[in-house]
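Undergrad: what would the 3D arrangement of this be:
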Amino acid sequence: MENYIHDIPTKVYFGKGMISHLDESLRQFGKNVLLAYGGGSIKKTGLYDEVMKILNEGGFTVTELSGIEPNPRIESVERGVQLCKENNIDVVLAVGGGSVIDCAKAVCSGFYYEGDDLWYMVKYVKGTKKSLPLVDILTLSATGSDFDNGGVISNLKTNEKLGSGFTFPAVSILDPTYTFSVSKYQTAAGSADIMSHIMEGYFSKTEDSELADGIAETILKSVIKNLPIALREPDNYSARANLMHAESVACSDIPEYGKLSTSWPCHGLEHELSAFYDITHGTGLAILTPRWMRFILKKDPSCQWRFVRFAKNVWGLEGEDEHELALRGIDALEQFFRDCEIPMSLSEVNIGTEHFEEMAEHVCQVRALDKAFVPLTKEDVIAIFTDCL
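TA: Numbering: from 1, shown residues only. Reported below is the predicted structural model:
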């Protein structure tokens, strides 16, 4: 088992009605608030009015950053930083899913960034940065951005989608009822993202980090149990609460404590797809993951033990032929995604071969795929993309 450091400074208010703590969460930092949100769904659900009532009654001065994209763009970060500087913002309040929170994190860090090129900050300045304080209200169970310091920002001019360390939220308010209105498609795609966050770290060479593996397997089984319920019964509180609980812990590094790093290869490949085609992140991960699994199992059969463990402990499968058991576990994952009506091929989301070479070359430059569970070359990446067609 490897050494690790635990450092998660975020205070979490989890459960129904926890928005009651919004005033005190903001007031400790000041009265000038930047309210960041996406395309307006929070207005349709009434959450915007609920938030504004609290802010107005508390005497806060509010500046709005709206229209943040599903794959947040550097232009939204630039706009947010400018608003913060023009309005002497004390604290940023992000209301939305992971994309809104990711953008808000970059805005918080960009406020103090000493330079004019915020894309340079995203691309090259790594690690937690000096930032404005951030409070968030989560509305989609997916990315875990409410509980980590990372954020992913897109630059459509350069066809890049890159993750970086920005800042941890000071406070996260997680009320599962705010996810009742999330569509079936986004619920399924978000849950695929949760599962990917677990599987990226689970498929590691470390064999003896038993607690981390147990946490990972339990989270996967929880999503497998609760996602179908949430799709059938959108207002099932227990299902939504368990998915929201899973998404926070899944991307917190806790399920990887004591394990060798894996470089998260599927996320690297998916970021290339999103950078060129702006597709839903969780959908891209669902398409890629089973193909990546089959590819590395064939390339390096010595990794079979991990797939056997996955099949037994996550899917409850049994059998004496370990190779067959490993493949059955992968098949079970793919069928689960299909049953949840997630598109399972690149052709279904209108992606062809035209950028495979360029995407493969770029991901090998920006991500340490040679340090992955099974190392990948440029040619391997192209083969995985091709298998996804």
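Undergrad: can you count the residues close to Ile153?
TA: 27 (other CB atoms under 10 Å). Quick note: C-beta positions are derived from backbone N, CA and C, even for glycine.
Undergrad: in which helix or strand would I find it?
TA: Using DSSP states H and E, Ile153 falls within strand 150-155.
Undergrad: quick one: that strand to chain centroid distance?
TA: 11 Å (CA atoms, centre = their mean, to the nearest Å).
Undergrad: kindly report the same for stretch 298-309.
TA: 26 Å.
Undergrad: tell me the buried residues in that stretch?
TA: Neighbour counts over stretch 298-309 (16 or more other CB atoms under 10 Å) mark Cys303, Arg306, Phe307, Val308, Arg309 as buried.
Undergrad: same question for stretch 32-46.
TA: Asn32, Val33, Leu34, Leu35, Ala36, Tyr37, Gly38, Ser41, Ile42, Thr45.
Undergrad: how many neighbours does Met344 have?
TA: 17.
Undergrad: give me the pLDDT for it.
TA: For Met344, the model assigns a pLDDT of 97.
Undergrad: wait, what's in contact with it?
TA: Ala286, Ile287, Glu334, Phe337, Arg338 (CB atoms under 8 Å, 6 or more residues apart in numbering).
Undergrad: that one should be in a strand, yeah?
TA: No: membership of Met344 in a strand is not supported by DSSP: H, G, I helix; E, B strand; the rest coil, which gives coil.
Undergrad: show me this structure divided up by domain.
TA: The record's domain parsing of the chain by automatic domain parsing lists 11-178, 183-387.
Undergrad: indicate which one of those is closest to Asn3.
TA: domain 183-387 (7.8 Å; CB to CB).
Undergrad: that closest one: how far from the chain's middle?
TA: That offset, for domain 183-387, works out to 12 Å (CA atoms, centre = their mean).
Undergrad: all the strands of the stretch 1-150 of the chain, in order from the start?
TA: 11-14, 32-36, 61-65, 91-96, 134-138, 150-155 (DSSP state E, counting those that start in this stretch).
Undergrad: make TSV from those strands and add distance to Glu358 and mean pLDDT to it.
TA: Formatted as TSV, the strands of the stretch 1-150 of the chain follow (distance: least, CB to CB, whole Å; pLDDT from 0 to 100):
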stretch	distance to Glu358	mean pLDDT
strand 11-14	40	98
strand 32-36	32	98
strand 61-65	32	98
strand 91-96	31	98
strand 134-138	34	98
strand 150-155	15	95
